[in-house]
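Student: Mind folding the following:
(4 chains)
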2 protein chains.
Amino acid sequence: MTKKRTERATIANVAKAAGVSTATAGRVLGGYGYSSEEIRNRVQDAAKTLGYRPNRLARGLITGQTQTIGVVAADIGSPYYASAMRGIADVARTAGFGAIITNSDENLQLEREAVELLLEKQVDGIIVSPADPENSAHLQAAIEAGCPVVQLDRIAYPLQADSVTVDNRGAAKDAVARLLRSGHTRIAVVGELETSPFGDLAEFIDTAGRVRLDPQTLYPSWQRLLGYLEAHWEAQVPVLPGLIGRVGKYSAESARSCVRQLMLADAPPSAIFASDGVMATGTVQALRDQEARIPQDVSLVCFDDLEWMQFFGPGITAVAQPVRELGSMAASLLLERIGGDTSPRRHTVLSAQLVERGSISERLGVPTD
Amino acid sequence: MTKKRTERATIANVAKAAGVSTATAGRVLGGYGYSSEEIRNRVQDAAKTLGYRPNRLARGLITGQTQTIGVVAADIGSPYYASAMRGIADVARTAGFGAIITNSDENLQLEREAVELLLEKQVDGIIVSPADPENSAHLQAAIEAGCPVVQLDRIAYPLQADSVTVDNRGAAKDAVARLLRSGHTRIAVVGELETSPFGDLAEFIDTAGRVRLDPQTLYPSWQRLLGYLEAHWEAQVPVLPGLIGRVGKYSAESARSCVRQLMLADAPPSAIFASDGVMATGTVQALRDQEARIPQDVSLVCFDDLEWMQFFGPGITAVAQPVRELGSMAASLLLERIGGDTSPRRHTVLSAQLVERGSISERLGVPTD
DNA sequence: CTGAAAGCGCTTACAG
DNA sequence: CTGAAAGCGCTTACAG
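Tutor: Numbers count the residues shown, from 1 in each chain, chains lettered A, B, ... in the order given. Got it, this is the predicted structure:
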């Protein structure tokens, strides 16, 4: 049952009950002006007995601040964004902010609609993983309308906005360099690598070899490939295009058949660098396929979320991404912007760290026999 | 740069530009009243050139509806709630609603604060996984204040509210019955099983054997244990308390040492029923510990999220929970309540289904990014 | 330190 | 079908 209009615990009613003006009651309850102790007590008592609860909508309408941040994730269903959201939500809560979450599904149109909804809800700022590296006019418009934007995990390069990302190139380079140092010369890479930034794969390799590419203009799996290439070049080990597995889809099943092909070729790799957890899953599945008579003595290195390291058995070398921290840093940065920080744009790059847990045969339960 | 007051694209300014009253402009833009086609065009044109964007705060203040639902998850960082959130967000988006997410961390006090924040933000309804099975007065108060509540995954039994849960007892019973039928008589169970609902474990088993317990009054891991017990009783296979592994903590590491003990006992089990994915991970880790000389020929059945089945190699029997659907059903139900549905309370119980993928040795870890 | 008045941007009766 | 007025619950100048 909703209470009768007059009974509702509004500032006006609390003021009436306490025998003061609404302005005074507002100052006490909102905590924004002067008030004598006696008045303060009277108002607070009245508020308590009436069960007063501030209406943040009304406050937001007047102050222009809703204490809410909007998040546009690519897929909240994935553990990656779940970890990031955890970081975001923790920071938001501490600051007394709420977080509205929406999903773009990597779809530009859905992203536009999500941003529009968030702006209509008057969020104070937006954290987004841009669905499209090039089309970000709607995000730019949000910024110009006074709503700061922080990019998470990925960057739309035309966009003039802060970002918090992981050093995918650097971490991939370290990991692959490590494999090279221990003597591997045939290292495969298994990655999503869907649309090439320039022409085909050969052209990408060629360009990367001539120009110093800015990893920030690339999407994660291409950044990791770039690190793979650079490690080879520095070690002066030839890059073998046949060992570059472009899965083309973000699916373990596709990775599996891709690895199967790689391993059944004439000269299979002695190590595999899996570009992320999904690719690693497919890789392990392929390696374990008994019928295919695939050689099993392969070293595996894979990218994964730091949060999930606890689920690894001993025996895998992983590149741990601090995803939760990615979220909390993005949220902290956004809150600073909302607070009026107008310092120059910031591109925070978190480094991933190598975590060694052993060799592939111990990965997630392959029995060594 | 914020625009000057007078330039801001409000209904009043659009009205002025179109040469109509604010009431008329409001009717056109808000889509809630009559308007002639000519006026409609004039207003819409003016809105477009001014870049009008409705302010949902103002609308909400007046209508008493914010088109926002609040979610209090136990841990959005976990894949479980990530899947559920995905279901919730999809339904919300389709209905034009936003979703504010908060985290209780299984902590009653944080849950109370989260609910308070959501109410101050005037959400139209709340989806919650109650942190405490008994203390739900704050949730009851929300309902009485006119904010419908739907419980997800778990139930606080004193609470008079809808719920959407999984039939943990039934699925566990089916899975264990299957193991019993194939001849296993020494089946271990590995579960969180933190605080017993009645006294100690022996008392729980005793009570469950005498009274027909309502699984809805139990927390998930105890519901699964109940199914385990019932399967034994129906098959007339004695329950061996020594095979019931109470991990006590929701951690793979603890599950690991628990399983280690079980397996190193004089008469180890021939099959293990892992109560969830985390317990299964610890189980696999324990079974793979070479030094401990643990027997490896153990059948493993585990509960997991349907979304993750794609990451399983062939060879594990899993009980797949439709977690995303859990979320979307909770959201749909909540939207009906918000829409004014006053039909009797509903307790929707989704059934989990057995999915066979093979044996333990193929169990994979948790994938990410 | 307190109060009367105006106003945030919208919607809702109520006349016309 | 359209408009003038009031009001949602709060905060913000401005007097006193």
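
Student: wait, isn't residue A:123 in contact with residue A:72?
Tutor: No - applying CB atoms under 8 Å as the test, residue A:123 and residue A:72 come out as separate, 10.5 Å apart. Using the backbone N, CA and C atoms, a C-beta is placed for each residue, glycine as well.

Student: So what does residue A:322 have for phi and psi?
Tutor: In terms of degrees, to the nearest 10, the main-chain angles of residue A:322 are phi -80, psi 80.

Student: Phi, psi for residue A:152 please.
Tutor: Main-chain torsions, residue A:152, degrees, to the nearest 10: phi -120, psi 130.

Student: Against DNA strand D, how distant is it?
Tutor: Plainly put, residue A:152 is 30 Å away from DNA strand D if you go by CB to the nearest atom of the strand, to the nearest Å.

Student: Point out where chain A drops to low pLDDT.
Tutor: Within chain A, the segments meeting pLDDT under 70 span A:1-7, A:288-297, A:307-316, A:356-369.

Student: Helices along that one, start to end?
Tutor: Taking DSSP state H to define them, one finds helices in chain A at A:11-18, A:22-30, A:37-50, A:56-63, A:79-94, A:108-120, A:137-144, A:168-181, A:201-210, A:220-235, A:252-264, A:277-287, A:323-338.

Student: and of the ones you listed, who's closest to residue B:113?
Tutor: Residue B:113 sits nearest to helix A:79-94 of all these, at 8.0 Å, using CB to CB.

Student: So which elements touch the closest one?
Tutor: strand A:68-73, strand A:98-103, strand A:299-305, helix A:323-338, helix B:79-94, strand B:98-103 (3 or more CB pairs under 8 Å, 6 or more residues apart in numbering or on different chains; DSSP states H and E).

Student: how about the residues of the stretch 51-200 of chain A that lie near DNA strand D?
Tutor: Contact residues (CB under 7 Å from any atom of the strand) of the stretch 51-200 of chain A with DNA strand D: A:52-55, A:58-59, A:61-63.

Student: Could you rerun that using 10 Å?
Tutor: Taking CB under 10 Å from any atom of the strand as the criterion, the stretch 51-200 of chain A approaches DNA strand D at residues A:52-65.

Student: Can you tell me which of the helices and strands packed on helix A:79-94 is most buried?
Tutor: Of all the helices and strands packed on helix A:79-94, strand A:68-73 carries the top mean neighbour count, a mean of 28, counting by mean count of other CB atoms under 10 Å in any protein chain shown.

Student: Check the gap between the closest residue to residue A:265 other than its chain neighbours and residue A:339 for me.
Tutor: Nearest non-adjacent residue to residue A:265, counting by CB to CB, 6 or more residues apart in numbering or on different chains: residue A:242, 6.8 Å away. From residue A:242 across to residue A:339, the span is 53 Å (CB to CB, to the nearest Å).

Student: what's the answer for residue A:81, then?
Tutor: Residue A:81 sits 25 Å away from residue A:339, going by CB to CB.

Student: now swap in residue A:55 and tell me
Tutor: 23 Å.

Student: for residue A:273, same thing?
Tutor: 41 Å.
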